[in-house]
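In: Give me a model of this one.
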Amino acid sequence: MNCPHCAEPLSERGVYCKACAGQARCMSCREVLEPGAVACVECGTRLGQPGDAVRPSGLVDTPSLSPNRNTLSYSEDRNSRKFDASLTDSAMHGLGDVLGEFFAQRGVGVVRNPVQTPRFSRQGEIVAPQALPAGVEAQQAAETARTIIDEPPVVDESAAAEKVKLSKVFTLKGQSFELSDNRLKAVSARDYVRRLTYLFIYAHEVYGHPHPTEASVRAILQSAKSWDASGNANTWLKKRIGIADENEDQLKLTAPGREGAIATLKDAHDTNVADTWNPDKSAPKQRGTRKKKA
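Out: Take a look at the predicted model:
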């Protein structure tokens, strides 16, 4: 006979294991206990008590066992949400699809960390713990996880503030923007082209839209009447000052360009800054048609 706890050979006398000091035999009938049992399967005597009678129904009151636990911890960045949970195997089984899909989208693996106690057969062989059936606990845990996961994402306050400022200058049209207020506090036509270009690309960045193409930048400059026939705006755009090429003819801001966009947005909201040059007051001169000499 081997100890149900540590699998060491048992003495023929006594009820405790000499190796692990755990109770190995029933104190009433001296039958070897089952691994993980809280009562003798032969007479119903609970562990540590000499001779509890079996109830008429054939059942005995047993303390509830703590099932294997799985610890989960989830955190998010700025103004982060936090999700800590300790779930049983059955709850984890019910949550597998929900949590797996959620964490996979964020590039995070779900780590299961069950706290399990080894069990042994009468022959001393290790018995793998059986998975608990999915039940009410799994359903409740799944609903709780879905509630947490389906919460709206944490709002980036800085981005929200920038969107409010940009809404004074642009009107959102699908994935692009239309100029609604052309008072960008520029000091010259060239400065106006620079400010509007930076703001237009910056708006796409803040809203998380794809980078605008060079053609769309040209279009917003033309709609603002700042695309001059002499080619100064086109020349400036080709120099890529404060901007850089992205994939497929798209444009993005460099660090100086982004700083210029933020400064322009600040000036646009500052009533103390004079609007020196505006296309409605001093539009770029258009080149006239040359007459052919006779």
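In: from here on, contacts and neighbour counts on C-alpha atoms
Out: Noted.
In: Output the below-cut-off pLDDT ranges for the stretch 51-200 of the chain.
Out: Low-confidence segments of the stretch 51-200 of the chain (pLDDT under 70): 51-69, 77-81, 87, 89-157.
In: can you do 80?
Out: Applying pLDDT under 80 to the stretch 51-200 of the chain flags residues 51-157.
In: Now do the phi/psi pair for the spatially closest residue to Lys82 that is not a sequence neighbour.
Out: Spatial nearest neighbour of Lys82, excluding adjacent residues (C-alpha to C-alpha, 6 or more residues apart in numbering): Ser75 at 4.6 Å. Per-residue torsions, Ser75: phi -130, psi 160 (degrees, to the nearest 10).
In: Would you mind measuring from Ser75 to Ser11?
Out: Between Ser75 and Ser11 the computed distance is 53 Å (C-alpha to C-alpha, to the nearest Å).
In: For the two, indicate the residue with more neighbours.
Out: Using other C-alpha atoms under 10 Å as the criterion, Ser75 and Ser11 rank with Ser11 on top: 14 against 10.
In: Pull the contacting residues for that one.
Out: Cys17, Lys18 (C-alpha atoms under 8 Å, 6 or more residues apart in numbering).
In: likewise Arg25?
Out: So Arg25 contacts Gly14, Val15, Tyr16, Glu31, Val32, Leu33 (C-alpha under 8 Å, 6+ apart).
In: Out of these, which one has the lowest pLDDT?
Out: pLDDT is lowest at Gly14 among these; the value there is 77.
In: my guess is that one is in a strand, correct?
Out: No: Gly14 sits outside any strand when classified using DSSP: H, G, I helix; E, B strand; the rest coil, being coil.
In: List the contacts of it.
Out: Here Gly14 is in contact with Arg25 (C-alpha under 8 Å, 6+ apart).
In: ok, it to Glu31 distance?
Out: For Gly14, the distance to Glu31 - C-alpha to C-alpha - is 11 Å.
In: Does Ser226 touch Ser188 like I think?
Out: No: under the criterion of C-alpha atoms under 8 Å, Ser226 makes no contact with Ser188, lying 10.5 Å away.
In: Compare these two (neighbour count), which wins?
Out: Comparing Ser226 with Ser188 by other C-alpha under 10 Å, the one with more neighbours is Ser226, at 24 against 15.
In: ok, that one to Asn232 distance?
Out: For Ser226, the distance to Asn232 - C-alpha to C-alpha - is 10 Å.
In: same thing with Cys20?
Out: 89 Å.
In: The two: who's more crowded?
Out: Comparing Cys20 with Asn232 by other C-alpha under 10 Å, the one with more neighbours is Asn232, at 16 against 13.
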